[in-house]
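Asks: Test case, fold it:
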Amino acid sequence: MMDGILLVNKPIGMTSRDVVNILMKKFNTRKIGHTGTLDPFASGLLIITINKGTKISSFLEDLNKEYIAELKLGESTTTLDLEGEILEKKEVNPPLNQQKVKEVLDSFVGKIKQIPPMYSAIKVDGEELYKKARRGETIERKEREVEINKIELLSITKEKILFKVDCSKGTYIRTLGLDIANKLDYPGHLTHLVRTRVGRFFLKDAKDLEDISEKDIIPISTSLSHLPSIKVNDQDAFKVKNGVKLLLQGADLYFIMDKNSNPLAIYKRKEDGYYYSLRGLF
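Replies: Coordinates of the predicted model:
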């Protein structure tokens, strides 16, 4: 079986781990994982890593993401989505001012601070926060910086706002939705969330779980096409396979392949000017 990634269209109601478990049985391999967790209420593009592809997860997680989200004003919930219990209600006075909504959305473009929600997969003391939240616990979370590259208003219908957002790794769209609602002077929560893109990979190219097959595996060399890459001769390929440092020029990070485009390793430059193996891929 090939090594690489699969583009899966995760359905609503399924956890990212559920998808992994299904594909583990389907492809009869335990070397399988995912990058970029999607909440059960969310759907869309989930990147699955398989066999040696599991070694490149961290180089895919850093890619920017794109989502389409539906925000309902007038009600906030414990989970910041439609699965939680209602915390606060406030009547929405339609019609919503389209210009004001656009201005509020635009105000989030750039680097912003977010506090991760309690209902998230972040681990504290070895346990996911959402498990603690279900027991009624509240843990202090550190503020983190994320970046909103672009945000676009798609439509307004009564108390609902549909928007598209391009953002950095680690952005919580549920938190963004609540912050948008609060800036419009309403409580709010997400009722729909779809991830439409991860880096250069698009939802339109993803397959449903029942349709995906081995022929849909994207090889490592294509999966890492966003990284600077070089091909090395047989002598240097032997060095790379043995973790020997290299003297290269240019980028700080290189995806190194042999002369036949087979993946060998990710090498990174250090302070002494040499490049050292960061991750072997052979």
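
Asks: Centroid-nearest residue for the protein?
Replies: Taking Cα atoms, centre = their mean as the criterion, G36 is the residue nearest the geometric centre of the chain, at 3.4 Å.

Asks: For it, give me its contacts.
Replies: L46, I47, L60, E61, K65, K169, R195, V198 (Cβ atoms under 8 Å, 6 or more residues apart in numbering). C-beta: built from backbone N, CA, C; applies to glycine.

Asks: Tell me which other helices or strands the strand or helix carrying the second one touches.
Replies: Yep, that's I47 we're talking about. Here I47 is covered by strand 43-50, with elements defined by DSSP states H and E. On a contact count with 3 or more Cβ pairs under 8 Å, 6 or more residues apart in numbering; DSSP states H and E, strand 43-50 meets strand 4-10, helix 16-27, strand 32-35, helix 57-61, strand 188-198, strand 201-202.

Asks: Would you mind finding the most buried of these?
Replies: strand 4-10 (a mean of 24; mean count of other Cβ atoms under 10 Å).

Asks: Send me that strand as CSV with only the CA atoms.
Replies: Provided in CSV are the C-alpha atoms of strand 4-10 (Å, rounded to 0.1, in the frame of the first residue of the first chain):
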residue,chain,number,x,y,z
GLY,A,4,0.7,9.5,1.9
ILE,A,5,-2.5,11.2,2.7
LEU,A,6,-6.2,10.8,2.0
LEU,A,7,-8.7,13.7,1.6
VAL,A,8,-11.9,12.7,3.4
ASN,A,9,-15.2,14.5,3.6
LYS,A,10,-16.0,14.0,7.2
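
Asks: Check the offset of that strand from the chain's centre.
Replies: With Cα atoms, centre = their mean, to the nearest Å as the basis, strand 4-10 stands 12 Å off its chain's centre.

Asks: Which segments of the chain make up each domain?
Replies: The record's domain split for the chain, according to automatic domain parsing, is 4-63+200-219, 65-195, 229-280.

Asks: If you average pLDDT over each of those, which is lowest?
Replies: Lowest mean pLDDT within the domains of the chain: domain 65-195, a mean of 91.

Asks: Could I get the buried residue list for stretch 246-265?
Replies: L246, L248, Y254, F255, I256, M257, D258, P263, L264, A265 (16 or more other Cβ atoms under 10 Å).

Asks: Skipping adjacent residues, who's closest to the fifth one in space?
Replies: Yep, that's I256 we're talking about. L264 (4.8 Å; Cβ to Cβ, 6 or more residues apart in numbering).
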